[in-house]
Every structure is written in structure tokens, then in C-alpha cells.
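Undergrad: Using only what follows, build the 3D model:
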Amino acid sequence: MFIDFPEELKAGQEYSIDFYYSGEPKTTGRFGGFTFGKDPVGRPWIFTACEGEGASIWWPNKDQWRDEPESMKISVAIPNNLTDVSNGKFLGKKDLGDGYTRWDWLVQYPINNYDVSLNIGNYAHWDDRLGDLSLDFYALPEDLEKAKTQFTQARGMLEAYQHYFGDYPFKKDGYKLVQAPYAGMEHQSAVTYGNHFKNGYLDRDWTGVGISTRFDFIIIHESGHEWFGNSISAADRSDMWIHEGWTTYLECLYVEYMYGKEDGLKYTNAYKSKVRNQQPIIAPRGVNATPPQDQYFKGALFINTLRSVVNDDKKWWALLHDFYQHFKYQNIMTEDIVAYFNQQTKMNLTPIFDQYLRHTSVPVLELQFEERADVVRYRWKVDEPGFAMPVRVGTKDDWQIIQPTTEWQWLKSGLTKKSFDVATDLYYVEVKKL
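TA: Down below sits the predicted model:
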């Protein structure tokens, strides 16, 4: 849209423009704009979900990730017998006298355009509190009892993520969990949910190792986006791993917080079976390119690898907390993360970031054995010429850290080719014994 102003705009003054528009927004799929549907008993059930297509599919806006509105007021007029649940703090509702009621919401933080959400239906509502944070829940009346049981998991999820990263980022707006007819979506302060009120993900063990069935995947994952995706946002769709890789890693942290480190690693490593390594995680810049699914699974495995590179959990937890606090409410790129991690760890992690995010292949640790001398030669086979990453080798009961580069080095290990192992549960790498 181009606007010719009737007079010259002067610096230091504030101007506003009112836009009026009308029409019937298009629906393009499960996540595709504005859907005018029915709930299971035939009542109107209307919702929005538009991360993939972009918010401009249903309302005029500057549809670019790098620039977010600082706040929003959302007013929705709907038939009197329905409820609208949108982002932000509920300001109240007004009977318009024509069979319609206007519901008013105030978003008090920056928000991604695609996060702006309308959820209109015959909702039952109940609330709770976690300290000074308001918790509001919405479900269809027929599902109310199931929802009240399942949605209790939100408390443990919030406690876990606050433990690692600090306070819930949208405290003035509160946390809402809203039933929807699709799997779920991370709409800021109004997370939508459609996981059938069962643990796992859409009636299955998501990671296949018996841990996913202990919790509701949609509550844990989609709510994790409040920290990564909604609070910290990528400035370009190409860097969407900042949303999805980090939030998948938050799932792993949730498992570790609830069930211990061993189960956390088991859950994390189960994601290896979902990685395809067919294209880099970071897509081409500036063309609204969608990264591959590896942004989720390989992204989380890479972050777990960084934890092992730092090799000091006390430092790692402080690094995660401070990283989030430093960038919250900002739109950033991968380069910002790399610079921060390099500065805080005093390590050159750039080649490691680049290998995992900008190339297809994972690092391959090549090993050559000289059995008579108990010597093993080793090097990294990678795309990044400056790549150097420590790794634990030996045996599980007696790991030692070596510092492989792309050049051959050797180690007198005292182990045979068969008994020499690599801690592949701590690093996402391949091992090739030559």
C-alpha cells in the first residue's frame, strides 16, 4: 500500500492513520487464515491460524517478522451467545444492542503479526493463578471436565520454564490456554490447544521412547513458544530455528526438570530419528523462505551439543538464563546468538554454529586405529574449514575429552577399535571407524 500525504510530515510529531476494510477472508488449510466452522454439536466455532501464510491473509498489516507492533487493542463484535478469546488482557465486553457483543482485549507487549488470534465459540471459562500470574482456560462445555484435568499441566510447564529462563514474559497479559479444532498454535498469551485432552501428540508417543506419553505435547511445546518465538523472535523467517529449535529444546528441559537428566537425554536423543539432513536449517534470507523440519529436531540436538561443548552445567544454566533475558522482546538473527555465545563463553563457537545451521551434514568424527600400539588417530570431517569441537571419547565409565580439528591427531588410548566409544548421547555427531 502506498500513501500520498496531503502535507509534509514533520519530525517529532505523532500521526495516525485509520484503515477501514471489509470482505470475506480466505481459508487455505488447517493453518491458513480465518475459518468459519462448527463445533461438534453444530454451534459456530471461528478461529484464526496463519503462521505459514502470514497475517496479511486476513487483516491488512506490515507482514514482516522484523518489525512488530509495540502493543495492540483488539475489539471483536460477535453474536451475544458466543465468546471471543484473543491475545492480551481482557478489558471487558459491551452489549451493542443489536444482538452483538463487543469483546475488548489489550496486548501490552510487542507481538508477531501472525500471533494475533481470534477464537470465537461457546466457551466455558475457568481461571487460576500461579503466584501473581493469572491463568485462564477455555474449553467447549462438553469437554470441560477433561479439559480441567488436562490443563493442570500448564502449572508444571510454567514452573519449569520459569526455572530456566525467568518469569513468564507476558505477565501483564496473563497466560491463556484455549481449545481449538486443530492441534495447536503458539498465539501469544492465548495458546490454542487441540490435542484431544490426552498425553503424547495426537494420540501417539511422539518420540517413541515411552517419555512423550507422560505429558501433553501441545501444552508443553506450544506454550514454550511464549519464551522463544513470541518473546524472542526471529527477524526473518529464514532463522525460524530460533523459534522451533529452541522450543523443541525447551521440551527436553521440561523432561529433565520433571523426570531427571537421564530421561532428558533419552528424550532429546530420540529426536535423531526425525532428522533428515537434506538441506541447511537456515533458509535463504529475505525471501520469506521456510526452513526444513530439521529446524525442530536437529536444532534441539545442536543446542544439546552446545551444552556438552560448554561442559559445565552451572555455566550452561546461567548462559541460557542470561541469553534469554538479554534478547527478550527483541527480533534477532542467528548472528546475534553466535556473537552472544562467543562473548559469554570466551570460545570461538562460530564454526560450530555454522556447521550445524548452514550446512546439511553433521560433523563426522573419523577414527583410525593402530591396534598394536593402542593408538587412535582422529579428526573432524566437516564443511567448515575452521571447525574444532571437543568431544568425550573412551568408555562410558571413563570418558576423556579430546580436541579434534580438521587435521589428524593421535591418542594412546589403551582401547581396541571395538571398545573405543564416543559419547554420542551428548553430541549430535556421526562416528566413522576407519
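Undergrad: Can you give me the neighbour number for the closest residue to R43 other than its chain neighbours?
TA: Excluding its sequence neighbours, the residue lying closest to R43 (CB to CB, 6 or more residues apart in numbering) is N122, at 4.8 Å. For glycine as for every other residue, the C-beta is placed from the backbone atoms N, C-alpha and C. Look at N122: counted by other CB atoms under 10 Å, it has 15 neighbours.
Undergrad: now do T345
TA: Neighbourhood size, T345 [other CB under 10 Å]: 16.
Undergrad: who's in contact with it?
TA: If you count contacts by CB atoms under 8 Å, 6 or more residues apart in numbering, T345 has them with 310, 315, 319.
Undergrad: from those, which would you call buried?
TA: Using 16 or more other CB atoms under 10 Å as the burial test, these include 310, 319 as buried.
Undergrad: mind giving me CSV with the contacts of T345 and columns for secondary structure and distance to G42?
TA: CSV is the format used below for the contacts of T345 (DSSP: H, G, I helix; E, B strand; the rest coil; distance: CB to CB, whole Å):
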residue, secondary structure, distance to G42
V310, helix, 55
K315, helix, 57
L319, helix, 52
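Undergrad: would you turn the contacts of T345 into a markdown table with distance to A160 and pLDDT?
TA: Formatted as a markdown table, the contacts of T345 follow (distance: CB to CB, whole Å; pLDDT from 0 to 100):
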| residue | distance to A160 | pLDDT |
| --- | --- | --- |
| V310 | 21 | 98 |
| K315 | 20 | 98 |
| L319 | 18 | 98 |
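Undergrad: Let's have the contacts of T345 in JSON lines, adding distance to K272.
TA: Below are the contacts of T345 laid out as JSON lines (distance: CB to CB, whole Å):
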{"residue": "V310", "distance to K272": "21"}
{"residue": "K315", "distance to K272": "26"}
{"residue": "L319", "distance to K272": "24"}
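Undergrad: out of the contacts of T345, who's nearest N195?
TA: Using CB to CB, L319 comes nearest to N195 of those, at 31.9 Å.
Undergrad: Let me know the average pLDDT across stretch 335-344.
TA: Mean per-residue pLDDT for stretch 335-344: 98.
Undergrad: repeat for stretch 131-139
TA: 98.
Undergrad: Break the protein into its domains for me.
TA: Following automatic domain parsing, one finds the domains of the chain at 33-224, 233-358, 364-433.
Undergrad: just the contacts of T345 now: which is nearest I46?
TA: Checking the contacts of T345 against I46 with CB to CB, the nearest one is L319 at 43.1 Å.
Undergrad: wait, isn't the closest one in contact with V310?
TA: Yes: counting by CB atoms under 8 Å, L319 does reach V310; the two are 6.8 Å apart.
Undergrad: Helix or strand: which one has Y324?
TA: helix 313-327 (DSSP states H and E).
Undergrad: Against which helices or strands is that helix packed?
TA: Other elements packing on helix 313-327 under the criterion 3 or more CB pairs under 8 Å, 6 or more residues apart in numbering; DSSP states H and E are helix 153-165, helix 294-310, helix 334-345.
Undergrad: Now do the longest one against helix 313-327: the angle between them, please.
TA: Between helix 294-310 and helix 313-327, the angle formed by their directions is 130 degrees, by axes from the mean of the first three to the mean of the last three CA atoms, to 10 degrees.
Undergrad: Please put the alpha-carbon coordinates of stretch 410-429 into CSV.
TA: Only the C-alpha atoms of stretch 410-429 are listed here, as CSV (Å, rounded to 0.1, in the frame of the first residue of the first chain):
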residue,chain,number,x,y,z
TRP,A,410,46.6,-39.1,17.7
LEU,A,411,45.9,-40.5,21.2
LYS,A,412,47.3,-43.5,23.0
SER,A,413,44.1,-44.8,24.3
GLY,A,414,44.8,-48.3,25.6
LEU,A,415,41.5,-49.4,24.0
THR,A,416,40.7,-51.6,21.0
LYS,A,417,38.7,-50.5,18.0
LYS,A,418,35.7,-52.4,19.4
SER,A,419,35.9,-50.9,22.9
PHE,A,420,36.7,-47.3,21.9
ASP,A,421,33.5,-45.3,22.2
VAL,A,422,32.2,-41.7,21.7
ALA,A,423,29.6,-40.0,23.9
THR,A,424,27.1,-39.6,21.1
ASP,A,425,24.2,-39.0,23.5
LEU,A,426,25.9,-35.7,24.5
TYR,A,427,26.8,-34.6,21.0
TYR,A,428,24.9,-34.8,17.7
VAL,A,429,27.7,-36.3,15.6
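Undergrad: Show me where the chain has its helices.
TA: 144-150, 153-165, 217-224, 241-259, 261-270, 294-310, 313-327, 334-345, 350-358 (DSSP state H).
Undergrad: sorry, back to before: let's have the domains of the chain in TSV, adding distance to E8.
TA: Below are the domains of the chain laid out as TSV (distance: least, CB to CB, whole Å):
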stretch	distance to E8
domain 33-224	22
domain 233-358	30
domain 364-433	51
